[in-house]
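1. dropping a prediction and its sequence here:
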Amino acid sequence: MSPIQKTLLGAVAVLAIAGGGGYAWLTHVDNTPANITAYEGKHPKLDDPDPQSFPTVGLVHSVGWQAGEAPTPAKGLTVTRFAEGLDHPRTLLTLPNGDVLVAETNAPAGAHSGGLTGLVEQWFMSIVGASVPSPDTIVLLRDSKGTGHADQRFVLRHDDLHSPSGMAYVDGKLYIANDNAVLAWDYKPGATQLTGAPTKIADLQGGGQHWMRNLLASPDGKLLFVAVGSSTNIGENGPDAEKWRAGIWQIALGGGGFPRQYAAGMRNPNGMAWNPSTGEMWAVVNERDMLGPNLVPDYLTNVPIGAHYGWPWVYWKDVIDNRVNSAMPDYLTDYTRKPEYALGPHVAALGLVFAQGGERLGAGFANGAFIARHGSWNRRQPVGYDVVFVPFDAHGNPLGLPQPVLGGFLTGKGTAHGRPVWLGWAKDGALLVSDDTGGVIWRVIAPGAAASVAPAAVVTGHMPAQTELKGDPAEAQYTGAFAGDAKVKQ
């Protein structure tokens, strides 16, 4: 039986079970335009919610890349194949010696929902090329000749891996996040095999609708942060199914009673990175589905310790999702944090890197964040399927609208060549982009461009400590004043 026949048979089976509801889903008309600029940036439009029993769907079948085909880079950039023939490559990590690690991975078996919902999910994933079994392999790529092409390839590790994704290297240790645990190995850059038994650093809640687990080490190497997505869309399986999920967790690498929760209310946090201007953690987060084709925008945001972004009860600071059945915590909207920047609805933002200095993409890309948008399924007109750049100002804040870096993943014929997932920096300053359904690592660079200068650090003064009480101590109020040049418009 051909793949198309299997897909059609699956469609018939699902629709037969769904009955009239399936017919309504298929015949639902969605004239939403493909342009989503109104739903991007610092002040996105938020449509009225349109709750759906059956999701609006726009499935884009992946057809791969033929010889000589490539994505379309922005003006002044070129794109080539750093490596190809990989088995569902997702996350990347560039080691201190320039070797590039690639996680060949996919969702663990049984990660989808049960019943009719599970059947639909698996059918959807098969169409877009995301239903292959997880290869569970870390591959090492080496450009030994400095040509911009990985001429050497090694299987670094296969044993002990279970849907691996996040990777971090800190002081002679390589950390890898499976969907259900963070493991560590002794490792010296340059080695082409990861030997010995791993040490388990922390258990994680495995599987679920969102199974990727990204890692980010603190600049001083003392802490490791783990992004864990929710098990469901809006907590529909109850709060117990979401324990230790939907947030970012902090592990002290030297011991000390961790992990502890660092941030909460994040439906599916993925890429994390340090803003080079401010030293803040930033992350991209996938928001909820089935509220209409333009809700809710995925986002890019800074993540201060203790922040809560509202999931599942609230989105975009104070919009309550009335579909959620579990009781909302008291006063939640009083302290829910508004995301900094919208990336558009259903774009599935995954990979994130900042320009940090030394990159060779030209002056227009010297200060800001690069984001891989994997692409939508919950929208008849597909969006995402690209890599974009968000410019930042001298104070470390995002500006304007996302700018194109790499497009052309969609064929324009209802199919896609591939889907961008993760981002990394090659040792020569080129941007590396993993393409899971295409099996390629793309290399993007501006020919002849000099290495960029690192964005300047934001240095500010602090309010002086108040050393005395004024007035009646029982009614004393602390006061302070900003110097004129220290005022910042929020």
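-> Right, received. Where do you want to start? Residues are numbered from 1 along each chain as shown.
2. now find how far off-centre stretch 185-200 is within its chain.
-> The chain centroid and the centroid of stretch 185-200 are separated by 26 Å under C-alpha atoms, centre = their mean, to the nearest Å.
3. quick one: Leu332 from Phe154, how far?
-> When distance is defined by C-beta to C-beta, to the nearest Å, Leu332 is 49 Å away from Phe154. C-betas here are computed from N, CA, C, even on glycine.
4. what's the spacing between stretch 333-342 and its chain's center?
-> The chain centre lies 18 Å from the centre of stretch 333-342; the measure is C-alpha atoms, centre = their mean.
5. who touches it?
-> Here stretch 333-342 makes contact (C-beta atoms under 8 Å, 6 or more residues apart in numbering) with 39-42, 44, 265, 285, 297-302, 304, 307-310, 314, 316-318, 320, 390, 397-398.
6. which ones among those residues map onto strands?
-> If you go by DSSP state E, the contacts of stretch 333-342 have Glu40, Gly41, Val285, Pro297, Asp298, Tyr299, Leu300, Thr301, Asn302, Val314, Ile320, Val390 in strands.
7. so how far is Gly206 from the first one?
-> Read it as Glu40. The gap separating Glu40 from Gly206 is 33 Å, by C-beta to C-beta.
8. and what of the fourth one?
-> Distance, Pro297 to Gly206, by C-beta to C-beta: 28 Å.
9. ok, those two, which is more surrounded?
-> Set side by side, Pro297 and Gly206 give different neighbour counts by other C-beta atoms under 10 Å, the larger being at Pro297 (25 against 18).
10. so that one is in contact with Thr37, correct?
-> No: when contacts are counted by C-beta atoms under 8 Å, Pro297 is not listed as touching Thr37 (11.5 Å).
11. ok, now which ones touch Val433?
-> Each residue near Val433 by C-beta under 8 Å, 6+ apart is listed here: 71, 351, 372, 387, 406, 420-423, 441-444.
12. try it again with 7 Å
-> Contact partners of Val433, counting by C-beta atoms under 7 Å, 6 or more residues apart in numbering, are Ala372, Val387, Leu406, Pro420, Leu423, Ile441, Trp442, Val444.
13. assign it to helix, strand or coil.
-> strand (DSSP: H, G, I helix; E, B strand; the rest coil).
14. quick one: low-confidence ranges for the protein?
-> Within the chain, the segments meeting pLDDT under 70 span 1-33, 110-131, 256-258, 466, 468-490.
15. okay, which residue is most central for it?
-> With distances taken as C-alpha atoms, centre = their mean, the residue of the chain nearest its centroid is Leu350 (2.3 Å).
16. quick one, helices of this protein?
-> Using DSSP state H, the helices found in the chain span residues 3-18, 20-27, 115-128, 332-335.
17. what sits opposite the nearest residue to Gly172 once chain neighbours are set aside in the beta ladder?
-> The shortest distance from Gly172 to any non-neighbouring residue, by C-beta to C-beta, 6 or more residues apart in numbering, is to Asp186 (6.3 Å). Note on Asp186: beta-bridge partners Lys173, judged by DSSP bridges.
18. then Ala202?
-> On the basis of DSSP bridges, Ala202 is bridged to Val182.
19. OK, contacts around it?
-> Applying C-beta under 7 Å, 6+ apart, the residues near Ala202 are Ala181, Val182, Ile251, Pro259.
20. now the strands: where do they sit in the stretch 101-250 of the chain?
-> Under the criterion DSSP state E, counting those that start in this stretch, the stretch 101-250 of the chain contains strands at 137-142, 152-157, 167-170, 173-177, 181-186, 199-203, 213-217, 223-228, 247-252.
21. between those, which one is closest to Met272.
-> Between Met272 and the strands of the stretch 101-250 of the chain, the shortest gap by C-beta to C-beta is with strand 213-217, which sits at 4.1 Å.
22. I would like the residues contacting the closest one, please.
-> Taking C-beta under 7 Å, 6+ apart as the rule, strand 213-217 contacts 165-168, 170, 175, 177, 179, 204, 224-228, 270-273.
23. possible to save the contacts of Ala202 as JSON lines with neighbour count and distance to Ile138?
-> What follows is these, written out as JSON lines (neighbours: other C-beta atoms under 10 Å; distance: C-beta to C-beta, whole Å):
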{"residue": "Ala181", "neighbour count": "17", "distance to Ile138": "15"}
{"residue": "Val182", "neighbour count": "24", "distance to Ile138": "14"}
{"residue": "Ile251", "neighbour count": "22", "distance to Ile138": "20"}
{"residue": "Pro259", "neighbour count": "19", "distance to Ile138": "23"}
